[in-house]
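Visitor: Would you be able to build a 3D model of this:
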Amino acid sequence: MREKGVMAMMYGACEAIMKIAWLNALWVLFTLGGGVVFGWAPSTAAMFTVVRKWLLGRTDAPVFKTFYQTYKKEFFKTNGLGLILLAAGTILLVNYQFFRVREDLFSIIISYATLMAGLMYVVVFVYIFPLYVHVQLPFARYFSQAALIGLVRPLTTAGMAAAGGFVVYV
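Guide: Prediction:
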């Protein structure tokens, strides 16, 4: 028989913290198991799949089984997303570093344009995996839809950026 009141709330909070810690550990293990480059994207998609089930009320769904099945099933497609994101981020970073050190007007304009593209890149990066887990789209549309969602919901995007910044700061 379950307790009521404060003890039930404490038990529920501890149980939620344990599930989140277990999910985080799975993400780290499977990311490392995939050699980081080929592990982070499927691990992220699998993590969002588990969280989506929790948010839809299926808190009794087995975490490891759901995570592992999603990781295996979506390995190649999510690696496609992940490698495109990594390549685009690398290109933006190299482009910015190259034009930042030059002092002519053209280079300054290009470096600011690269910063704006980098901002859009971060928006896409933040929304693409939750979108991938939640909606079935043609592969190329995930990028445009993630950008569109980020632009249409500026307060949500700003809140996510603030939360991400806080986590990085801590």
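Visitor: Just name the shakiest helix or strand of this protein by mean pLDDT.
Guide: Least confident element among the helices and strands of the chain, by mean pLDDT, DSSP states H and E: helix 154-169 (a mean of 89).
Visitor: what sits up against that helix?
Guide: Applying Cβ atoms under 8 Å, 6 or more residues apart in numbering, the contact partners of helix 154-169 are Val122, Val123, Val126, Gly150, Leu151. No exception for glycine: its C-beta is placed from N, CA and C like everyone else's.
Visitor: Sort out which residues of whatever helix or strand the fourth one lives in are buried, please.
Guide: Of the helices and strands defined by DSSP states H and E, Gly150 is found in helix 141-152. For helix 141-152, the neighbour count (16 or more other Cβ atoms under 10 Å) marks Tyr142, Phe143, Gln145, Ala146, Ala147, Ile149, Gly150 as buried.
Visitor: would a markdown table of those residues with pLDDT and distance to Thr31 be doable?
Guide: As requested, the buried residues of helix 141-152 are exported to a markdown table (pLDDT from 0 to 100; distance: Cβ to Cβ, whole Å):
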| residue | pLDDT | distance to Thr31 |
| --- | --- | --- |
| Tyr142 | 95 | 20 |
| Phe143 | 95 | 22 |
| Gln145 | 96 | 25 |
| Ala146 | 95 | 21 |
| Ala147 | 95 | 25 |
| Ile149 | 95 | 25 |
| Gly150 | 93 | 24 |
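Visitor: Do a quick rundown of the helices in the protein.
Guide: All helices of the chain, identified by DSSP state H, fall at 6-33, 40-55, 63-73, 75-100, 105-134, 141-152, 154-169.
Visitor: Of these, flag the one that's most buried.
Guide: helix 40-55 (a mean of 21; mean count of other Cβ atoms under 10 Å).
Visitor: Taking their axis directions, it and helix 105-134 sit at what angle?
Guide: Per axes from the mean of the first three to the mean of the last three Cα atoms, to 10 degrees, the angle that helix 40-55 makes with helix 105-134 is 50 degrees.
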